[in-house]
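Chemist: I need the structure of the sequence given here:
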Amino acid sequence: MSNLSSFVKRIRDVMRNDAGINGDAQRIEQLAWMLFLKVYDAKEEDWEFEDEKYESIIPEELRWRNWAHSENQNEGLTGDKLLDFVNNKVFPTLKKLEITPDTPIRQSIVRTTFEDANNYMKDGVLLRQIISIIDELDFGSYEETHAFGEIYETILKELQSAGSAGEFYTPRAVTEFMAKMIKPQIGETMADFACGTGGFLSSWIKELEAQKDAKGSISNEDSEKLYNSIYAIEKKQFPYMLCVTNMLLHGIDNPKVFHDNSLTKKLLDYTGKDAFDVILMNPPYGGSEKEDIKQNFPADLKSCETADLFIAVIMYRLKKNGRAAVIIPDGFLFGNDNAKTNLKKKLLTDFNLHTVVRMPQSVFSPYTSITTNILFFNNEESKGKTWFYRVDMPKGVKHFSKTKPMKLSDFDDCISWWNNRKEITDEDLSADRQAVTYKAKCYTSQELFDSGLNFDLCGYPHEEEVILSVAETIQNYEEKRSKLNADIDSILQQLSDLHQKAQKGEI
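Modeler: Numbering: from 1, shown residues only. Alright, predicted model coming up:
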């Protein structure tokens, strides 16, 4: 392709003229299924070269090379004929491909990718133009495949500003930081039970490939372990499609990425076979689960909140001595409902919650302004202490945005501190000029229990000046109210305890 950098702009310019495309989210979804077929066709060329007996699961006339490729346009298939072919042959056939338990993953992903996919375009001439632009991509060239991997990342990045679709994308600076701190090892298995577009998977692979490059070369066995180390589940069709394509671009021929809901299995049914060495996740938060989902969890861990249920799943699916890094909203830190309280107890007693990293409010902007944090914990005996560290905004930046997103370098101070931990106080004293505030501090498990399991520590001393939408403002006030309620409940409990001791004559 002559100008790879203009790829996204060219696609956008054509799609804007089609009456069927409504907004960025639909544009990206439209682009996704075509890119998948193009990338999959390139992969099939490799598989055919490696195995002369290879047979495609896609019927011959529906393979990209035989209807979309510029040299095989089926006698100029365009306009209404193209729309009819795509809507009445390609989609119905791929949605109903026959799959058995013996079907290889690399073939079954075609059906699962198309199960809920849609063709939104209504103009067959414009559709042909888009297909021709995509067909210019040369995935037979390593350089162009690698370059397009970067372009694909920008496509995924656009999800952040594409309405509710932004929930599927975790900023790459965050996934890379978490993967770096978790220190992957070749031979380990890694899982993400709500993988979105596969950001954690690609960051994990990137870390392992850096190790491989540092060693110069690794055995074929280790290389196979590297590319077979991931396991992922995604509930929603659109991000699932994007993730599978992402993994194919990363050289994973049999991506163990499944279109499913991680919360539908009973928690107590998991065994050692279902556990992983490492779990990296950004669980969906703010959602509410139905009663039948909650029934899959023990009474002490039942919750309406999706993020809480995923924390429980992670605990049950992390191998002994395994490591986890999980993004959670502020509400988990100070929440004191039954599930959150019990989950935090488990983190302090049954696991080793060694680090909580507080992140700035606008990390996920413009999708959401909810403040998030990263829990780092291991499935090992608790060390009895937890470090809290606050990542501050870089100097001169008040707010992250689409044009000024968070960068990995914004974690540099945290990375330096990580291996040489020490207490850090803020230069400014609090308003009453008496209590010192902290940027980094270690708390014992007993101190955290004494606080009523309120993990809202080493927070931000100054409010950022951010103009929020009405919905975000409501959400922020609801969070503040929940935090205030938690503080009041904690004080009332302390007073109640004192009252009971006084009645017993203990004080």
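
Chemist: residues in contact with Leu296?
Modeler: No, residue 296 isn't Leu; it's Asn. By Cβ atoms under 8 Å, 6 or more residues apart in numbering, the contact set of Asn296 is Leu263, Thr264, Lys265, Lys266, Leu267. Every residue, glycine included, has its C-beta placed from N, CA and C.

Chemist: which residues of the stretch 351-500 of the chain score low on pLDDT?
Modeler: 428-435, 462-469, 471-472, 475, 483 (pLDDT under 70).

Chemist: change it to 50
Modeler: Residue ranges of the stretch 351-500 of the chain with pLDDT under 50: 429, 433, 464-465.

Chemist: Same check on the stretch 1-150 of the chain?
Modeler: Ranges of the stretch 1-150 of the chain meeting pLDDT under 50: 1-2.

Chemist: Quick one: end-to-end distance for stretch 212-223.
Modeler: 8 Å (Cα to Cα, to the nearest Å).

Chemist: And that stretch, what's buried?
Modeler: Neighbour-count burial for stretch 212-223, counted by 16 or more other Cβ atoms under 10 Å, picks out Ile218, Ser223.

Chemist: Show me the contact partners of it.
Modeler: Against stretch 212-223 from outside (Cβ under 8 Å, 6+ apart): Ile186, Gly187, Leu226.

Chemist: Does the last one touch Pro184 like I think?
Modeler: No. Shown here, Leu226 and Pro184 do not form a contact pair, counting by Cβ atoms under 8 Å, at 9.3 Å.

Chemist: which element is Arg65 on?
Modeler: helix 64-67 (DSSP states H and E).

Chemist: Pull out the buried residues from that helix.
Modeler: Trp64, Arg65, Trp67.

Chemist: Specify which member of the residues you listed is nearest to Gln493.
Modeler: Nearest to Gln493 out of the buried residues of helix 64-67 is Trp64 (Cβ to Cβ; 63.4 Å).

Chemist: The closest one: what's it in contact with?
Modeler: Leu37, Lys38, Tyr40, Asp41, Asp135.

Chemist: Most neighbours among those, which one?
Modeler: Counting neighbours by other Cβ atoms under 10 Å, the top entry in the contacts of Trp64 is Leu37, with 25 neighbours.

Chemist: dump the residue contacts of it.
Modeler: Residues in contact with Leu37, defined by Cβ under 8 Å, 6+ apart, are Trp64, Ala68.

Chemist: Quickly find the element holding it.
Modeler: Per DSSP H and E: helix 24-50 holds Leu37.

Chemist: Now a ChimeraX select for only the buried ones of the contacts of Asn296.
Modeler: Buried residues among those (16+ other Cβ under 10 Å), as a ChimeraX selection:
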select :263,267
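
Chemist: For Phe449, state which of the contacts of Asn296 is nearest.
Modeler: Comparing those against Phe449 with Cβ to Cβ places Leu267 closest, at 24.4 Å.

Chemist: contacting residues around that closest one?
Modeler: Leu267 neighbours (Cβ under 8 Å, 6+ apart): Asn296, Phe297, Pro298, Leu301, Ala312, Val313, Tyr316.

Chemist: if we go to 10 Å?
Modeler: By Cβ atoms under 10 Å, 6 or more residues apart in numbering, the contact set of Leu267 is Asn296, Phe297, Pro298, Leu301, Lys302, Leu309, Ala312, Val313, Met315, Tyr316, Arg317.
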